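*Asks:* How does the following fold in three dimensions:
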Amino acid sequence: MKEGIYTLANDAVYDQLVALLNSIEANAGSDIPVCVIAYNNQLDKVRLEVANRQNVTLLEDTALFQRWEDFSYQVWKTHPNALQVWQEQGITSKFYRVGENHRYCAFDPDSPFERFIYLDADTLVMNSLDFIFKQLEESDFVVYDFQYKDPGHIYNIESSILFQVFDDVKIKSEIFCSGFYASKQNMFPQERRDWLISQLAAGEAEVLYLRAPNQSVLNYMRMRSDLSIHNFALTLPATQKTGNSVTSSHFTNSDNILYDKGTRLTYLHYIGVSSKLIKKVCAGENLDFPYRDIFLHYRYLHEPENCPKFTTLPKPYNQPPNLATKILRKLKLTP
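*Replies:* Numbering: from 1, shown residues only. From the prediction side, this is the model:
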């Protein structure tokens, strides 16, 4: 059975992509196949990077993308006002964040991997991922995060029918962040996709959350299909589980590996750290962000001579926190 890792990228997140690929190589294994799914056509730097790596490929299958873009468009056409809201916000594409839906290609029977882990590009792998792949022998989905503490960033919690569509207990225990998850090919064949759209069209679409459309739809697809899920954040003993977000300030660094109260992290997600900020820092601007030295270590792992050299204290970057960061800080989504 062919296993591998997917991520989604274009040139806007080139520095994050390089850091992610280097962290996989250093901490999970240089022999793990990685497939970069094209977010859009801005790929000049990405193509060059992929060409220089033996275990990395680039997926640019427009026919495959179109299949899942069409599905996503059908999903959002069932929503009472999503397309209108996005149009009023100046979004000229068919729907919000079209490129993010390309990650659904991992579920397609024509995709490269039978079992896979998906990682957002703004992630660093800190440990072996073997236990994630192993759990896929028992579960349809495998995750490791604390998103269940924040259902309001997955579903429209003001919907009057939300708890009719999904049991309250499931909402509080089964939702997950779409930045890290594992699953398998063919979880959503055409017949199931058609059925999901029919349920949304029957009125369930109002439970979807418009500000994180891909994340909301993916959770809906899994929960409505009643596919099994295993969240290590809920099953690991307290002494073994760790956080995974840069909004947690208590991680300690040992040899460029982060630890949470002595336990090694599986991954670190730079949620809320913009690609524009990363680009400025990599260009030599001395701006601060959480765990910056760790990021720069992996970004320049194979070219340390090109790593920016800072001799003064970094300037705080006064970027207004996005909604995800505000929620994480407020709810302290760490163990």
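*Asks:* Please count neighbours and contacts with C-alpha atoms only from this point.
*Replies:* Will do.
*Asks:* In the stretch 201-335 of the chain, mark out all the strands, start to finish.
*Replies:* With DSSP state E, counting those that start in this stretch, the ranges of strands along the stretch 201-335 of the chain come out as 229-231, 252-254, 257-260, 263-264, 267-269.
*Asks:* right, so of those strands, which gets closest to Phe95?
*Replies:* strand 267-269 (25.8 Å; C-alpha to C-alpha).
*Asks:* returning to what we had before: indicate which one of the strands of the stretch 201-335 of the chain is closest to Phe131.
*Replies:* Using C-alpha to C-alpha, the nearest of those to Phe131 is strand 229-231, at 11.7 Å.
*Asks:* follow-up on the earlier one: right, and the strands of the stretch 201-335 of the chain - which one's nearest Tyr298?
*Replies:* Going by C-alpha to C-alpha, the one of these nearest Tyr298 is strand 257-260, 10.4 Å.
*Asks:* quick check: mean pLDDT across the closest one?
*Replies:* What strand 257-260 shows for mean pLDDT is 98.
*Asks:* Mind giving me the packing neighbours of it?
*Replies:* Using 3 or more C-alpha pairs under 8 Å, 6 or more residues apart in numbering; DSSP states H and E, the elements in contact with strand 257-260 are strand 252-254.
*Asks:* Who does the strand it packs on pair with, and is each partner parallel or antiparallel?
*Replies:* strand 257-260 (antiparallel) (DSSP bridges).
*Asks:* Enumerate the positions of stretch 13-29 that are buried.
*Replies:* Neighbour-count burial for stretch 13-29, counted by 16 or more other C-alpha atoms under 10 Å, picks out 13-28.
*Asks:* Go through these and name the one nearest Ile175.
*Replies:* Among those, Leu20 lies closest to Ile175 (C-alpha to C-alpha), at 24.5 Å.
*Asks:* so where does that closest one fall, helix or strand?
*Replies:* helix 14-27 (DSSP states H and E).
*Asks:* Distance of Gln185 relative to Phe65?
*Replies:* Between Gln185 and Phe65 the computed distance is 15 Å (C-alpha to C-alpha, to the nearest Å).
*Asks:* can you check Gln135 too?
*Replies:* 28 Å.
*Asks:* Check Ala201 too.
*Replies:* Computed as C-alpha to C-alpha, the Ala201 to Phe65 distance reads 23 Å.
*Asks:* Comparing these two, which residue is more hemmed in?
*Replies:* Phe65 (22 against 18; other C-alpha atoms under 10 Å).
*Asks:* That one against Phe107, yeah?
*Replies:* No - the pair Phe65 and Phe107 does not pass the contact test of C-alpha atoms under 8 Å, sitting 11.6 Å apart.
*Asks:* anything in contact with each of the two?
*Replies:* Here Phe65 and Phe107 have no joint contacts, going by C-alpha atoms under 8 Å, 6 or more residues apart in numbering.
*Asks:* CA-only coordinates of the longest helix along the chain in PDB, if you can.
*Replies:* Longest helix in the chain, counting residues (DSSP state H): helix 62-77. Backbone C-alpha positions of helix 62-77 (Å, rounded to 0.1, in the frame of the first residue of the first chain) are rendered in PDB as follows:
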ATOM      1  CA  THR A  62      -6.200  20.400 -14.000                       C
ATOM      2  CA  ALA A  63      -8.800  17.700 -14.800                       C
ATOM      3  CA  LEU A  64      -8.500  16.300 -11.300                       C
ATOM      4  CA  PHE A  65      -8.700  19.700  -9.800                       C
ATOM      5  CA  GLN A  66     -11.700  20.600 -11.800                       C
ATOM      6  CA  ARG A  67     -13.600  17.500 -10.600                       C
ATOM      7  CA  TRP A  68     -13.200  18.700  -7.000                       C
ATOM      8  CA  GLU A  69     -13.700  22.400  -7.700                       C
ATOM      9  CA  ASP A  70     -17.000  21.400  -9.400                       C
ATOM     10  CA  PHE A  71     -18.000  19.500  -6.300                       C
ATOM     11  CA  SER A  72     -17.100  22.400  -4.000                       C
ATOM     12  CA  TYR A  73     -19.100  24.800  -6.200                       C
ATOM     13  CA  GLN A  74     -22.100  22.500  -6.000                       C
ATOM     14  CA  VAL A  75     -21.700  22.500  -2.200                       C
ATOM     15  CA  TRP A  76     -21.700  26.300  -1.900                       C
ATOM     16  CA  LYS A  77     -24.600  26.700  -4.300                       C
END
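*Asks:* Return the set of buried residues in it.
*Replies:* Buried, per 16+ other C-alpha under 10 Å, within helix 62-77: Leu64, Phe65, Trp68, Glu69, Phe71, Ser72, Tyr73, Gln74, Val75, Trp76, Lys77.
*Asks:* what would the residues you listed look like in CSV with pLDDT?
*Replies:* Converted to CSV, the buried residues of helix 62-77 look like this (pLDDT from 0 to 100):
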residue, pLDDT
Leu64, 96
Phe65, 96
Trp68, 96
Glu69, 95
Phe71, 96
Ser72, 95
Tyr73, 95
Gln74, 97
Val75, 97
Trp76, 96
Lys77, 96
